[in-house]
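**Q** Got a predicted model here, sequence first, then my questions.
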Amino acid sequence: MKITDAGKTYLSDLLTEHNAEGIRVIFAGAGCCSPKLGLSLDDPHDDDIVEIINDIKVAIENRVVRHTQAVTLDYQSTEAGAGLVLIGQSNC
């Protein structure tokens, strides 16, 4: 998993605002080709893989680790809105 500089800036502000230490990547349901990934401001669970990515503490639920290897977390602003997006997640 990678986090862009724009994603890092947004996450740093979010973590400060919520007095959180990091983010957690979780299983958020089954997709047609791979699991859907979700993000939360949650403490790591015992079986999570914890990494520091672009100075952000990231806990990744063990069962989705292999599905995050090619994913980039970015902050994007469009006419439809602004927020975090996961780029590279399989959409089949």
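**A** It's in. Residues are numbered from 1 along each chain as shown.

**Q** What's the mean pLDDT across the strand of greatest length in the chain?
**A** Using DSSP state E, we find that the single longest strand of the chain is strand 22-30. Strand 22-30 shows a mean pLDDT of 87.

**Q** ok, residues contacting that strand?
**A** Contacts with strand 22-30, where a contact means C-beta atoms under 8 Å, 6 or more residues apart in numbering, come from 1, 11, 15, 35-45, 48, 50, 56-61, 63-64, 68. (C-beta placed from N, C-alpha, C; glycine too.)

**Q** same check, this time on stretch 75-86
**A** With contact meaning C-beta under 8 Å, 6+ apart, stretch 75-86 is reached by 4, 6-7, 9-11, 37, 39, 71-74.

**Q** What residues are bridge-paired with the residue lying closest to residue 42 once chain neighbours are set aside?
**A** Distances taken as C-beta to C-beta, 6 or more residues apart in numbering put residue 24 closest to residue 42, at 4.2 Å, once the chain neighbours are dropped. For residue 24, the beta-bridge partners are residue 40, residue 59 (DSSP bridges).

**Q** now the helices for the protein?
**A** With DSSP state H, the ranges of helices along the chain come out as 5-17.

**Q** Sketch out the low-pLDDT regions of it for me.
**A** Along the chain, segments meeting pLDDT under 70 span 31-34, 89-92.

**Q** which one in it is furthest away from the centre?
**A** residue 79 (22.6 Å; C-alpha atoms, centre = their mean).

**Q** separation between that one and residue 9?
**A** Note on residue 79: its distance to residue 9, by C-beta to C-beta, to the nearest Å, is 21 Å.

**Q** can you check residue 86 too?
**A** For residue 86, the distance to residue 9 - C-beta to C-beta - is 17 Å.

**Q** One more: residue 28?
**A** 24 Å.

**Q** With residue 61 instead?
**A** Counting by C-beta to C-beta, the gap from residue 61 to residue 9 is 25 Å.

**Q** quick one, which of the two is more surrounded?
**A** residue 61 (23 against 13; other C-beta atoms under 10 Å).

**Q** neighbours of the closest residue in space to that one that isn't next to it in sequence, just the number please.
**A** Leaving aside its chain neighbours, residue 61 sits nearest to residue 26 (4.9 Å; criterion: C-beta to C-beta, 6+ apart). If you count neighbours by other C-beta under 10 Å, residue 26 ends up with 20.
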